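Asker: Return atomic coordinates for the entry below.
(2 chains)
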2 protein chains.
Amino acid sequence: MNIEGMRVMGIDPGLTRCGLSVVQAGRGRAILPVSVGVVRTPSDKDLTERLLRLSVAAKEWMDDYSPDVVAIERVFERGQVSTVMQTAHVVGVLVLAAAERDIPVYMYTPSEVKKAISGNGRADKKQMTTMITRILGLTEPPKPADAADALALAVCHCWRAPAIVRMDATGLGLGAKTSGVRGRGTVLNSNVPSTS
Amino acid sequence: MNIEGMRVMGIDPGLTRCGLSVVQAGRGRAILPVSVGVVRTPSDKDLTERLLRLSVAAKEWMDDYSPDVVAIERVFERGQVSTVMQTAHVVGVLVLAAAERDIPVYMYTPSEVKKAISGNGRADKKQMTTMITRILGLTEPPKPADAADALALAVCHCWRAPAIVRMDATGLGLGAKTSGVRGRGTVLNSNVPSTS
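Answerer: Numbers count the residues shown, from 1 in each chain, chains lettered A, B, ... in the order given. Okay, here's the model as predicted:
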């Protein structure tokens, strides 16, 4: 499948800092950076207010950049319980924003992203930032870490999308039943990106 | 504080079955049932589609019944990881629906609800259903369990609201900083219910 021109929005979800990015697939494995940023919400505000702000920001990005697909980090039960739950609330709000626009959503674990970008599922932050800077031909490393992570998610999806689509086409692919499958993105919406 | 007339929407969040209820505070501890129901989403649909359906349903309830406040069950890391995360995604979507309508949201743990309703934080489902049926003067027990749980959350908030408001007024109350406080609802939006 030719994915040239496909626009992917990568999201590193978080309540305090949420990394947002958009990239566009070029020829072969080339990927063009389109935009990257971090949305912050103040920790002294209520959860309601913070989720609302994140939702508004994500919707603005989706409406401004019209991504064909959203790639978002899968939340794990790791770290402080309250932080994990907050991040999971954020993911719900972000997935809803995509659903309302009929944009398919794929989730990737951190190790899937690291492996796709660096070949090593345990790559550290510095290695990841170096690779992302090189892959996208950036003049300087993206900062903060949430911005780099958001770009890495988008790049990860670009490189995995052809395989995902092939598997869908052969009936081996990703449906709702395969949501536990590792090693390639888990589709959350069975619409295949329709570009090209 | 007189909360008579206050309308509370109680929500037992879940991706497969989500209990929704609305009650209205009467005189003293009296509470009038207004509506109860369960929204189901098919497990063979994508997460995006299921969150969208729940969001639409919750918004319809909020617009139809105009609750002054939403009481929702706090999600814990208990049970299967994927189920907990899905429920946390649902909570994000529901809190967002309230935030978009400027409706304050309070969260209660299951044991807080059980204690408020039955005096026993470890009451079983049967005891809870019996109490809720009696408190609301229902002719028969609400079914399924998600419906009863949604009503219990709404009743729990009605009975706790006066204390919460008093604490807010004395500066001992619930701000964003007190989100870890147990034994009374955790406010997620510092607007105090403005009815009566």
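Asker: hey, where'd the helices end up in chain A?
Answerer: Ranges of helices in chain A, per DSSP state H, are A:47-65, A:81-100, A:110-118, A:125-135, A:145-169.
Asker: which residue lies farthest from the center of chain A?
Answerer: residue A:44 (27.0 Å; Cα atoms, centre = their mean).
Asker: check contacts around residue A:103.
Answerer: Residue A:103 makes contacts with A:9, A:62, A:67-70, A:189, as judged by Cβ atoms under 8 Å, 6 or more residues apart in numbering or on different chains. Where you see a C-beta, it was placed from the backbone N, CA and C, and this is true even at glycine.
Asker: closest one to chain B among the helices of chain A?
Answerer: helix A:81-100 (3.0 Å; Cβ to the nearest Cβ).
Asker: list the helices and strands that closest one packs on?
Answerer: helix A:47-65, strand A:69-73, strand A:105-108, helix B:47-65, helix B:81-100 (3 or more Cβ pairs under 8 Å, 6 or more residues apart in numbering or on different chains; DSSP states H and E).
Asker: and among these, the most buried is which?
Answerer: Among those, ranked by average contacts under mean count of other Cβ atoms under 10 Å in any protein chain shown, first place goes to strand A:69-73 (a mean of 27).
Asker: Who does that strand pair with, and is each partner parallel or antiparallel?
Answerer: strand A:7-12 (parallel), strand A:105-108 (parallel) (DSSP bridges).
Asker: now those as JSON lines including mean pLDDT and distance to residue B:123?
Answerer: Putting the strands paired with strand A:69-73 into JSON lines (pLDDT from 0 to 100; distance: least, Cβ to Cβ, whole Å) gives the following:
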{"stretch": "strand A:7-12", "mean pLDDT": "98", "distance to residue B:123": "41"}
{"stretch": "strand A:105-108", "mean pLDDT": "96", "distance to residue B:123": "37"}
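Asker: quick one on the thing from earlier: want to throw the helices and strands packed on helix A:81-100 into TSV with distance to residue B:163?
Answerer: Output for the helices and strands packed on helix A:81-100, formatted as TSV (distance: least, Cβ to Cβ, whole Å):
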stretch	distance to residue B:163
helix A:47-65	21
strand A:69-73	39
strand A:105-108	41
helix B:47-65	24
helix B:81-100	21
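Asker: Okay, now the unreliable bits of chain A?
Answerer: Along chain A, the model assigns pLDDT under 70 to residues A:1, A:77-79, A:165-196.
Asker: how about 90 then?
Answerer: For chain A, the stretches with pLDDT under 90 are A:1-3, A:28-29, A:75-83, A:143-145, A:161-196.
Asker: which residues does residue A:110 contact?
Answerer: Contacts of residue A:110 by Cβ under 8 Å, 6+ apart are residue A:73.
Asker: My error: substitute residue A:75 in the last question.
Answerer: Residues near residue A:75 by Cβ under 8 Å, 6+ apart: A:13, A:84, A:87-88, A:91, B:85, B:88.
Asker: which one of those residues is nearest residue A:139?
Answerer: residue A:13 (27.2 Å; Cβ to Cβ).
Asker: any idea how far the closest one is from chain B?
Answerer: Note on residue A:13: its distance to chain B, by Cβ to the nearest Cβ, to the nearest Å, is 10 Å.
Asker: looking at it, that residue is touching residue A:89, isn't it?
Answerer: No. Counting by Cβ atoms under 8 Å, residue A:13 stays clear of residue A:89, with 9.4 Å between them.
Asker: Pull up the gap between the residue farthest from the centre of chain A and chain B, please.
Answerer: For residue A:44 relative to chain B (Cβ to the nearest Cβ), the value is 6 Å.
Asker: what's the answer for residue A:71, then?
Answerer: From residue A:71 to chain B the distance is 13 Å (Cβ to the nearest Cβ).
Asker: partners of that residue in the sheet?
Answerer: Going by DSSP bridges, residue A:71 forms beta bridges with residue A:10, residue A:106.
Asker: Starting from residue B:140, give me the distance back to it.
Answerer: Distance, residue A:71 to residue B:140, using Cβ to Cβ, to the nearest Å: 48 Å.
Asker: So for stretch A:124-136, what gets flagged as buried?
Answerer: For stretch A:124-136, the neighbour count (16 or more other Cβ atoms under 10 Å in any protein chain shown) marks A:128-129, A:131-133, A:135-136 as buried.
Asker: to the chain's geometric centre, what's the distance from it?
Answerer: 16 Å (Cα atoms, centre = their mean, to the nearest Å).
Asker: Only C-alpha atoms, please: export it in CSV.
Answerer: Provided in CSV are the C-alpha atoms of stretch A:124-136 (Å, rounded to 0.1, in the frame of the first residue of the first chain):
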residue,chain,number,x,y,z
ASP,A,124,16.3,5.5,26.4
LYS,A,125,15.0,9.0,26.0
LYS,A,126,18.2,10.4,24.5
GLN,A,127,18.4,7.7,21.9
MET,A,128,14.8,8.3,20.9
THR,A,129,15.2,12.0,20.7
THR,A,130,18.3,11.6,18.5
MET,A,131,16.5,9.2,16.2
ILE,A,132,13.4,11.4,15.9
THR,A,133,15.5,14.4,15.1
ARG,A,134,17.4,12.5,12.4
ILE,A,135,14.3,10.8,10.9
LEU,A,136,12.4,14.1,10.6
